[in-house]
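Asks: need coordinates for the following:
(one chain, ligands or ions: 1)
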Amino acid sequence: MKIPFLDLKLVNDATKSEMTAAFNRVMESGWYIQGKELEAFESEFSDYCKTDFCIGVGTGLDALHLLLVAYGIGPGDEVLVPSNTFIATWLAVTRTGATPIATEPDPDTYNISVQSIEAAITPSTAAIIPVHLYGQPADMDTINAVAEKHKLIVIEDAAQSQGALYRNRPAGSLGHAAATSFYPGKNLGALGDGGAILTNDKAIAKKVRELRNYGSLIKYQHDSLGYNSRLDEMQAAFLRIKLKVLSRANENRRQIARRYTEGLSDSDVIVPFVPEWAIPAWHLYVIRSNQRDELQAHLKANGIETLVHYPIPPHQQKCYSNDMNRSLPIAERLSAEILSLPISPSMPMEHVDYVVEKIRAFKR
Ligand SMILES: *Cc1c(COP(=O)(O)O)cnc(C)c1O
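Replies: All right, here's what the predicted structure looks like:
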């Protein structure tokens with residue numbers, strides 16, 4: 001049996017005829033940037049996430065960056081970020097001239113821990129970016145309480161958590177603002193790059209709208225030194241269709257996750273821990289093994305493709321060589337033990353069972 005990590009063609013085949021019709025509609029409209037599709041998608045996605053505003057932008061990285069700029073964060077500021085996130089969370093901070101400060105995760109949930117946040121706060125701390133890693137919501141009430149005490153901005157990195165719930169509230173609606181990504185492999189994936197900002201803050205929403213479009217809200221009138229980062233009409237039209245099936249797609253992911261957890265909880269690997277207040281979006285299903293590389297090779301030999309999210313933590317990347325000597329033992333240990341199993345809305349249950357069987361057959 002051949003089991004790919006994620007078969008995006010199969011995922012998108014489920015909505016192929018609607019997406020083809022959307023392509024034709026946008027093509028024929030003759031209007032490709034900042035039009036009706038974007039406006040409709042922004043309204044539909046902010047409804048879904050229960051926020052007042054949604055602003056579509058070019059990528060998830062840009063969504064994070066534009067938010068930081070909108071909040072006035074820049075040189076001299078420190079921004080707390082997880083030590084075990086995708087590098088975009090750090091890059092967005094660095095791009096503003098502020099300094100990303102790595103904070104270690106809770107070793108059970110892999111999400112940013114409140115203790116490490118509190119220990120990292122200095123007079124220069126301006127913001128926290130909790131990441132709902134792998135689609136599991138971070139403990140936002142606790143994080144927000146610390147942030148309020150120290151007057152810090154909380155920006156959720158919701159790139160992996162479209163449709164996740166924290167105490168029945170949607171990821172993306174839980175901080176001052178949120179950034180998300182529509183990279184094709186995300187739970188809500190476009191057919192190209194895309195991202196968005198979610199917030200209830202009217203002034204921030206307006207600022208981001210301006211920043212994404214050359215610092216301009218009125219054509220050829222430029223109030224700030226802006227950027228060009230827009231979600232185009234084609235991607236917005238595709239995303240409107242994908243949004244309609246997002247809840248169903250996430251339900252499939254939850255069933256797969258449940259099956260993995262049932263099949264593996266008494267095995268040699270560690271399965272994800274889910275707090276009782278969390279309904280994850282299961283962007284990834286990540287297990288741990290102290291023989292990760294051997295297990296991955298064993299699965300590969302059986303036709304099963306797995307990935308590691310992420311094999312090198314940001315502080316050990318060449319581009320962050322100033323941080324290289326820092327010791328972040330939890331992130332380092334996780335990066336050596338984690339393994340992401342195949343998961344997608346279109347993955348058949350027989351494939352899940354096969355992966356479980358092969359993991360259980362792995363001899364140490
Ligand atoms: C994908 C991702 C991003 C960046 O999104 P892009 O659209 O690829 O720029 C940021 N943070 C996390 C946690 C991600 O997974």
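Asks: neighbours of Ile101, how many?
Replies: Burial of Ile101 is recorded as 22 neighbouring residues (other C-beta atoms under 10 Å). Any C-beta I mention is one placed from the backbone N, CA and C, and that applies to glycine too.
Asks: in terms of secondary structure, what does whichever strand or helix holds it contact?
Replies: Assigned by DSSP states H and E, Ile101 belongs to strand 99-103. Here strand 99-103 touches strand 78-82, helix 88-96, helix 114-120, going by 3 or more C-beta pairs under 8 Å, 6 or more residues apart in numbering; DSSP states H and E.
Asks: so which of those is nearest the ligand?
Replies: helix 88-96 (3.4 Å; C-beta to the nearest ligand atom).
Asks: packing partners of the closest one?
Replies: Helix 88-96 packs on helix 60-70, strand 78-82, strand 99-103, going by 3+ C-beta pairs under 8 Å, 6+ apart.
Asks: among those, which comes closest to the ligand?
Replies: helix 60-70 (2.3 Å).
Asks: before we move on, back to that, the strand holding Ile101 - what's its average pLDDT?
Replies: For strand 99-103, mean pLDDT rounds to 96.
Asks: and the strand or helix carrying Arg258, how far from the chain's centre?
Replies: According to DSSP H and E, Arg258 maps onto helix 246-264. Helix 246-264 sits 18 Å away from the centroid of its parent chain (C-alpha atoms, centre = their mean, to the nearest Å).
Asks: equivalent analysis for stretch 144-162, please.
Replies: Distance, centroid of stretch 144-162 to centroid of chain: 14 Å (C-alpha atoms, centre = their mean).
Asks: is that stretch positioned near the ligand?
Replies: Yes. Judged by C-beta under 6 Å from any ligand atom, stretch 144-162 comes into contact with the ligand at Asp157, Ala159, Gln160.
Asks: and what of stretch 99-117?
Replies: No. Stretch 99-117 stays clear of the ligand (C-beta under 6 Å from any ligand atom), getting no nearer than 11.2 Å.
Asks: could you pull out the buried residues of that stretch?
Replies: 99-106, 109-114, 116-117 (16 or more other C-beta atoms under 10 Å).
Asks: quick one: low-confidence ranges for the chain?
Replies: 323-325, 364 (pLDDT under 70).
Asks: which positions in it make contact with the ligand?
Replies: 59-61, 85-86, 88-89, 131, 157, 159-160, 181, 183, 193, 195.
Asks: nearest to Pro348, of these?
Replies: If you rank the residues of the chain next to the ligand by distance to Pro348 using C-beta to C-beta, Gln160 comes first, at 23.1 Å.
Asks: the closest one and Arg288, how far apart?
Replies: 18 Å (C-beta to C-beta, to the nearest Å).
Asks: same deal with Gly189?
Replies: 26 Å.
Asks: more neighbours, those two?
Replies: Taking neighbours as other C-beta under 10 Å, Gly189 and Arg288 compare with Gly189 leading, 22 against 18.
Asks: ok, the more buried one - contacts?
Replies: Leu8, Val11, Phe182, Tyr183, Lys242 (C-beta atoms under 8 Å, 6 or more residues apart in numbering).
Asks: show the buried residues in the residues you listed.
Replies: Val11, Phe182, Tyr183, Lys242.
Asks: for the third one, what are its contacts?
Replies: Yep, that's Tyr183 we're talking about. By C-beta under 8 Å, 6+ apart, the neighbours of Tyr183 are Thr59, Gly60, Ala159, Gly189, Ala190, Asp193, Gly194.
Asks: give me the element it is part of.
Replies: Going by DSSP H and E, Tyr183 is not in any helix or strand.
Asks: before we move on, what about the last one?
Replies: Taking DSSP H and E as the definition, Lys242 sits inside helix 233-244.
Asks: between helix 246-264 and that helix, find me the angle.
Replies: Helix 233-244 and helix 246-264 are oriented at 60 degrees to each other (axes from the mean of the first three to the mean of the last three C-alpha atoms, to 10 degrees).
Asks: just the buried positions in helix 233-244, please.
Replies: Glu233, Met234, Gln235, Ala236, Ala237, Phe238, Leu239, Arg240, Ile241, Lys242, Leu243.
Asks: between the residues of the chain next to the ligand, which sits nearest His315?
Replies: Nearest to His315 among the residues of the chain next to the ligand, with distances taken as C-beta to C-beta, is Thr85, at 10.9 Å.
Asks: my read is that the closest one contacts Gln317, right?
Replies: No. Proximity of Thr85 to Gln317 does not meet the contact threshold set by C-beta atoms under 8 Å, at 12.0 Å.
Asks: the two: who's more crowded?
Replies: The residue with more neighbours, out of Thr85 and Gln317, is Thr85; 27 against 14, by other C-beta under 10 Å.
Asks: now the residue lying closest to that one once chain neighbours are set aside: phi and psi?
Replies: Leaving aside its chain neighbours, Thr85 sits nearest to Val131 (4.6 Å; criterion: C-beta to C-beta, 6 or more residues apart in numbering). Phi and psi for Val131, reported as degrees, to the nearest 10, are phi -110, psi 130.
Asks: okay, and the beta partners of Val131?
Replies: Asp157 (DSSP bridges).
Asks: pretty sure it contacts Ala138?
Replies: Yes. Between Val131 and Ala138 there is a contact at 7.0 Å, judged by C-beta under 8 Å.
Asks: okay, and the common contacts of those two?
Replies: Asn111, Ile112, Glu156.
Asks: make JSON lines out of those residues and add distance to Val271.
Replies: Listed next are these as JSON lines, based on distance: C-beta to C-beta, whole Å:
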{"residue": "Asn111", "distance to Val271": "16"}
{"residue": "Ile112", "distance to Val271": "21"}
{"residue": "Glu156", "distance to Val271": "25"}
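Asks: how is this structure partitioned into domains?
Replies: In the assignment given by automatic domain parsing, the structural domains of the chain cover 8-244, 246-360.
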